[in-house]
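**Student:** A predicted structure for the sequence below; I have some questions about it.
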Amino acid sequence: MTPADLSLTVLHAVRRAVDDGALRVDVPPLVKVERSRPGGVGEYASNVALTLARSAGRAALDVAGILEERLRDAPGLQEVSVTGPGFLNFTLRPDAGGELVRAVREAGDAYGSGAALAGVTVRFADLTESRALLVTETVVRLLRSQGADAGFRGDEWMDEPVAEPVVGRVAGPVVSRVAGRVDQRVDELVHARGDERIHVYPGVYDPDTLGVDAARWALLRPAPQDRPLDGPPLLVQHERNPLFRVRYAHSRVRRLLANAAQLGFEPAYETPVHAPELLGVLGDHPVALLTAARHRAPDRVARHLEATADALLAFQHTVLPLGDEKPSAAHRSRLALAEAAGTVLAGGLSVLGISAPERI
């Protein structure tokens, strides 16, 4: 990791802290890092927390702690510490890219899942409005991916024999049709137990017209409280369409792997790859999933997938040998990094219930 890469990594942490609501500041265009002075801690240091403290309205030590938490597992960093009034100190890891690629390969589509919310129980009120139901079901999936016990309250009363199936999840008085009676019990207990509801701007789920992928993206990509996206533009195969861009990026990885096989080589991370943007977004993926779960915000996953796709599409041209070049350790390593990006894209799309195509 170069000083420029480190600067970009710290800038990513500032941006994530702002996105999470932990800091309320304007994201600076650049973060300055410099070699630690003799007797200092680590290899590099930054005073970014001190420069942001006044505008954040917080002590520099508090700002440094917020950033340190978001830098702790960043690829390329072996150790992050806070010293003095709020200086961040960094010790670099010799082979961070290799560790990241191996972590993604070992976890597969489950990369980013964890146990940060283990022991947390969340129950959502039952719903009928289509977008609210879609958003909440996706949030349940996110919460479970982070170890939480999450679900809908109505699921807990499905033990009784039901003469007719109840279609959908119900938000008002619930008709269970058990022994021919109308059961008000669920509605009363929703209020008594304080079941959680996500504030969602209503929208129509229209897979018949748009297909499942575009219909889900139209409702999940905007923040839940914002209007849904217009559906027809999501069907256009153009780089201006973010859904197409994300799915196309995944398909490009599949083609790169197929083309590499034809040239006689496979992915293997053998030598460091200079790709700070791509390594940064891949390293951010677990934090993106956890933040989306905590904030009940599937749109954060969609935005992260867009950033991952953009970084991959900018990087992909370096993967295969050009002209008379022979496949080398550098090509195998770049292919391994591209493969990891494809895995992250597939896993993120799966969380949103959207397909990751082999070819577009």
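**Tutor:** Ah, there it is.

**Student:** Low-confidence regions, the stretch 51-200 of the chain specifically.
**Tutor:** For the stretch 51-200 of the chain, the stretches flagged by pLDDT under 70 are 94, 156-194.

**Student:** Start from the N-terminal end of it and give the helices.
**Tutor:** Residue ranges of the helices in the stretch 51-200 of the chain, as given by DSSP state H, counting those that start in this stretch, are 60-71, 96-107, 130-145, 185-193.

**Student:** Compare those and give me the one nearest R303.
**Tutor:** Across the helices of the stretch 51-200 of the chain, R303 has its closest neighbour in helix 130-145 (13.9 Å, Cβ to Cβ). C-beta coordinates here come from the backbone N, C-alpha and C atoms, glycine included.

**Student:** Check which helices and strands the closest one is in contact with.
**Tutor:** strand 121-124, strand 149-152, helix 212-220, helix 276-295, helix 298-315, helix 329-351 (3 or more Cβ pairs under 8 Å, 6 or more residues apart in numbering; DSSP states H and E).

**Student:** what comes up buried for the fifth one?
**Tutor:** What it means is helix 298-315. Of the residues in helix 298-315, 298-313, 315 count as buried by neighbour count, 16 or more other Cβ atoms under 10 Å.

**Student:** Quick one: distance of that helix to the chain centre.
**Tutor:** Mean C-alpha position of helix 298-315 versus that of the full chain (Cα atoms, centre = their mean, to the nearest Å) differs by 9 Å.

**Student:** mean confidence for that helix?
**Tutor:** The pLDDT scores in helix 298-315 average 97.

**Student:** between it and helix 276-295, how many degrees?
**Tutor:** If you take axes from the mean of the first three to the mean of the last three Cα atoms, to 10 degrees, helix 298-315 sits at 170 degrees to helix 276-295.

**Student:** packing partners for helix 298-315?
**Tutor:** Right, helix 298-315 is packed against helix 130-145, helix 212-220, helix 242-263, helix 276-295, helix 329-351 by 3+ Cβ pairs under 8 Å, 6+ apart.

**Student:** Nearest to R93, out of those?
**Tutor:** helix 276-295 (11.3 Å).

**Student:** Could you give the separation of that closest one from the chain centroid?
**Tutor:** Worked out by Cα atoms, centre = their mean, helix 276-295 lies 5 Å from the chain centre.

**Student:** Give me the packing partners of that helix, helices and strands only.
**Tutor:** helix 3-20, helix 96-107, helix 130-145, helix 298-315, helix 329-351.

**Student:** would you turn these into a markdown table with distance to A218?
**Tutor:** Below are these laid out as a markdown table (distance: least, Cβ to Cβ, whole Å):
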| stretch | distance to A218 |
| --- | --- |
| helix 3-20 | 22 |
| helix 96-107 | 29 |
| helix 130-145 | 9 |
| helix 298-315 | 11 |
| helix 329-351 | 15 |
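
**Student:** Quick one: closest of those helices to V281.
**Tutor:** Using Cβ to Cβ, the helices and strands packed on helix 276-295 put helix 298-315 closest to V281, at 4.7 Å.

**Student:** Dump that closest one to PDB, restricted to CA.
**Tutor:** Once non-C-alpha atoms are left out, helix 298-315 reads as follows in PDB (Å, rounded to 0.1, in the frame of the first residue of the first chain):
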ATOM      1  CA  PRO A 298     -31.100  -2.000   1.600                       C
ATOM      2  CA  ASP A 299     -30.300   1.000  -0.600                       C
ATOM      3  CA  ARG A 300     -26.900   1.100   1.000                       C
ATOM      4  CA  VAL A 301     -26.200  -2.400  -0.400                       C
ATOM      5  CA  ALA A 302     -27.300  -1.200  -3.800                       C
ATOM      6  CA  ARG A 303     -25.100   1.800  -3.700                       C
ATOM      7  CA  HIS A 304     -22.100  -0.300  -2.600                       C
ATOM      8  CA  LEU A 305     -22.700  -2.700  -5.500                       C
ATOM      9  CA  GLU A 306     -22.600   0.300  -7.900                       C
ATOM     10  CA  ALA A 307     -19.300   1.400  -6.500                       C
ATOM     11  CA  THR A 308     -17.900  -2.100  -6.700                       C
ATOM     12  CA  ALA A 309     -19.100  -2.500 -10.300                       C
ATOM     13  CA  ASP A 310     -17.500   0.900 -11.300                       C
ATOM     14  CA  ALA A 311     -14.200   0.000  -9.700                       C
ATOM     15  CA  LEU A 312     -14.200  -3.400 -11.400                       C
ATOM     16  CA  LEU A 313     -15.100  -2.100 -14.800                       C
ATOM     17  CA  ALA A 314     -12.200   0.400 -14.500                       C
ATOM     18  CA  PHE A 315      -9.800  -2.400 -13.500                       C
END
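
**Student:** change the start of the numbering to 4 and stick with it
**Tutor:** Understood, numbering begins at 4; the last thing we discussed is helix 301-318.

**Student:** This completes my enquiry, with thanks.
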